[in-house]
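**Student:** Predicted model follows, preceded by the sequence.
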Amino acid sequence: MKIAVTYENGMVFQHFGHTEQFKIYEAENGQVVSSRIVPTAGQGHGALAAFLAANGVDALICGGIGGGAQMALAEAGIRLYGGVQGAADEAVAALLAGTLGYDPDIHCDHHDHEHGTGAHGCGGHFGHE
């Protein structure tokens, strides 16, 4: 199973469409066996879903994500775990253990605001603890 996380400085980056890199984890039998950081080259929402599919990703952990990107992920067969905050490695371990707190109804449709800064970051719609 391959799990991608929107990634910045060890943490889950809070806006899917603006992520500059993913950390992609390879998991077998409920354990991470390898991981690597992959730059996105700033591809944008729809292209990022295709990028993940091309890398064989089965699941995505992220903060905020818009409806169009959610549909693109669904069409690519990638399971979405949105609304997640905190350390990327811990989020993946929690997913594999079946204890990840995520928001199945996450959406980020306020694209006129700055994301991930101040009191209004896309991932801030859901308390992870």
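**Tutor:** Received the coordinates, thanks.
**Student:** contacts, neighbours, all on C-alpha from now
**Tutor:** Fine.
**Student:** now residue 86: how far from residue 72?
**Tutor:** As defined by C-alpha to C-alpha, to the nearest Å, residue 86 lies at a distance of 25 Å from residue 72.
**Student:** Just confirm residue 91 is within a helix.
**Tutor:** Yes - using DSSP: H, G, I helix; E, B strand; the rest coil, the assignment for residue 91 is a helix.
**Student:** can I assume residue 39 is in contact with residue 24?
**Tutor:** No - if you go by C-alpha atoms under 8 Å, residue 39 and residue 24 don't touch, sitting 10.5 Å apart.
**Student:** Let me know how buried residue 104 is, in neighbour terms.
**Tutor:** Residue 104 has 10 neighbouring residues, counting by other C-alpha atoms under 10 Å.
**Student:** I'd like to know which elements the least confident helix or strand in the chain by mean pLDDT is packed against.
**Tutor:** The weakest-scoring helix or strand in the chain, judged by mean pLDDT, DSSP states H and E, is helix 45-54 (a mean of 87). Applying 3 or more C-alpha pairs under 8 Å, 6 or more residues apart in numbering; DSSP states H and E, one finds that helix 45-54 contacts helix 67-75.
**Student:** For residue 34, list the residues it contacts.
**Tutor:** 25, 26, 27 (C-alpha atoms under 8 Å, 6 or more residues apart in numbering).
**Student:** Show me what it is bridged to.
**Tutor:** residue 26 (DSSP bridges).
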